[in-house]
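Participant: Only the shape, not the letters, is given here:
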C-alpha cells in the first residue's frame, strides 16, 4: 500500500512538473507572439524589427548565419522579465527583412550604419548590445566605431584582429568561410535534400527547420550576399600582408562568451580579445555546448547575461 501510494505521489509530482513546464513554454511563446514587429526602412532597406517597446534600458540583439531574430527566443522573455526593452532586427537577406539587390549593400560598414540609423529612429542614445556569429562582427564594429553602446556582449566571435590570426588550427575550421562565398555554395547546400547543409548544422537545435527553409529557391543565395560582401579570405590575405589598419580600441565594458564544442570557431580568438579593450573585460567559457549555446543551454546563458548586465544597469 505504501509503495503504491508513493508511486501515485511521484506520478502526481511528475505531471505537475510537466504542467508547470508547459505553462512556462506557453508564456514564452505568448510573450514572443505579442512582441511588436514592424518593417522599418533603414537607408533604403526594409528591415523586419521586433521591439518590446518597454523597459528602463534597451538591449539590441544581433543574430548571425544562418539564423534570424528568432534565435533569441529563449533570451527575449528573460530579458523582458528583467525589465529591459528588447530590439531585435533580422539582418538583410535573413528572416523577414528585405533582400538587397546589390551584394555591396551588405558590407559591414553599411550594415553598421543601418544599425546606427535604427537606434536614431527609435530615439535610443545608449543601448546594451548582445550579438552572435556574424551579428557579433557588427557588434564589435558598433563598439569600436560609435558611442552608442553601454555594454557589449560578443558570443562566439571574438575581436576581428584575433579572428584573422592564421594558424593550422584556425584553418581547420575556417574552411566554411572559403566555401560560403563561392557561387556554387547554395547548390552544394541544397543538393541531395540538403545533405551538406544538414551536416554543417549538425549541432544546431533548429537544424531541420533551417534545412527545410534553405531548400526553398533563393533563400541561400539571399543569405550568401552578406558573406560575399565581406569575404573572409580577402581579409585573411590583407592580414598576412599587414595591410589592415590598426584595430580601434573598445571603450565599453565587454563580455566575451565562447562554447567548448563550437565547430566553427576556436577559443583563442575570443579569449585573447581582451587586449583590444580599454574598459572592463570578462571572458566566459561555456562547457558542454556548441556554437548555438543560447539555445542549448538557455537558462545558463540567460543567467550569465543578466548577471553581466546588472553590473552596468
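Facilitator: Okay, I see it. For clarity, every value in this text was computed on a predicted model and none was experimentally measured. Numbers count the residues shown, from 1 in each chain.
Participant: so residue 283 sits in a strand?
Facilitator: Yes. Checked against DSSP: H, G, I helix; E, B strand; the rest coil, residue 283 lies within a strand.
Participant: Neighbours of the nearest residue to it once chain neighbours are set aside, how many?
Facilitator: When the adjacent residues along the chain are set aside, residue 283 lies closest to residue 256, with 4.8 Å between them (CB to CB, 6 or more residues apart in numbering). Glycine gets a C-beta too; all of them are placed from N, C-alpha and C. Neighbour count of residue 256, defined by other CB atoms under 10 Å: 26.
Participant: Check the one 4 residues further on too.
Facilitator: Burial of residue 260 is recorded as 12 neighbouring residues (other CB under 10 Å).
Participant: sorry, back to before: what's the strand or helix carrying the residue nearest to residue 283 in contact with?
Facilitator: Under the criterion DSSP states H and E, the helix or strand holding residue 256 is strand 254-259. The contact list for strand 254-259, computed with CB atoms under 8 Å, 6 or more residues apart in numbering, reads 143, 151-156, 158, 265, 267, 270-271, 273-274, 277, 279-287, 289-291, 293, 296, 301, 304, 308.
Participant: out of those, which are buried?
Facilitator: In terms of neighbour count (16 or more other CB atoms under 10 Å), the buried residues within the contacts of strand 254-259 are 143, 151-156, 158, 265, 270, 273-274, 277, 282-284, 286, 289-291, 293, 296, 301, 304, 308.
Participant: Just the ones of those residues in helices?
Facilitator: Taking DSSP state H, the ones among the buried ones among the contacts of strand 254-259 that sit in helices are 143, 270, 293, 296, 301, 304, 308.
Participant: what residues are up against the second one?
Facilitator: Residues near residue 270 by CB under 8 Å, 6+ apart: 154, 156-158, 162, 256-258, 283.
Participant: go on, the first one?
Facilitator: Remark: with contacts taken as CB under 8 Å, 6+ apart, residue 143 is in contact with 129, 149, 152, 250-252, 254.
Participant: per-residue confidence for it?
Facilitator: Here, the pLDDT recorded for residue 143 equals 98.
Participant: what do you get for the last one?
Facilitator: Per-residue confidence for residue 308 comes out at a pLDDT of 98.
Participant: hang on, it packs against residue 151?
Facilitator: Yes. Assessed by CB atoms under 8 Å, residue 308 is found in contact with residue 151 at 7.2 Å.
Participant: hey, what's the spatially most central residue of the chain bridged with?
Facilitator: Taking CA atoms, centre = their mean, the centroid of the chain lies closest to residue 132, which sits 2.6 Å from it. Under DSSP bridges, the beta-bridge partners of residue 132 are residue 155.
Participant: gap between it and residue 42?
Facilitator: 20 Å (CB to CB, to the nearest Å).
Participant: Assign a three-state SS to the nearest residue to residue 200 once chain neighbours are set aside, would you?
Facilitator: Nearest non-adjacent residue to residue 200, counting by CB to CB, 6+ apart: residue 176, 6.9 Å away. At residue 176 the chain is in helix, as set by three-state DSSP.
Participant: and what of the one 10 residues further on?
Facilitator: Assigned state for residue 186: helix (three-state reduction, three-state DSSP).
Participant: So what's the residue count around it?
Facilitator: 20.
Participant: what's the nearest residue to it if we skip its chain neighbours?
Facilitator: Counting by CB to CB, 6+ apart, the residue nearest residue 186 is residue 220, at 3.7 Å.
Participant: check which helix or strand covers that neighbour.
Facilitator: With DSSP H and E as the test, residue 220 turns up in helix 219-229.
Participant: Quick one: the strands in the chain, in order.
Facilitator: Under the criterion DSSP state E, strands of the chain are mapped to 36-42, 45-51, 57-62, 84-89, 127-132, 149-155, 254-259, 281-286.
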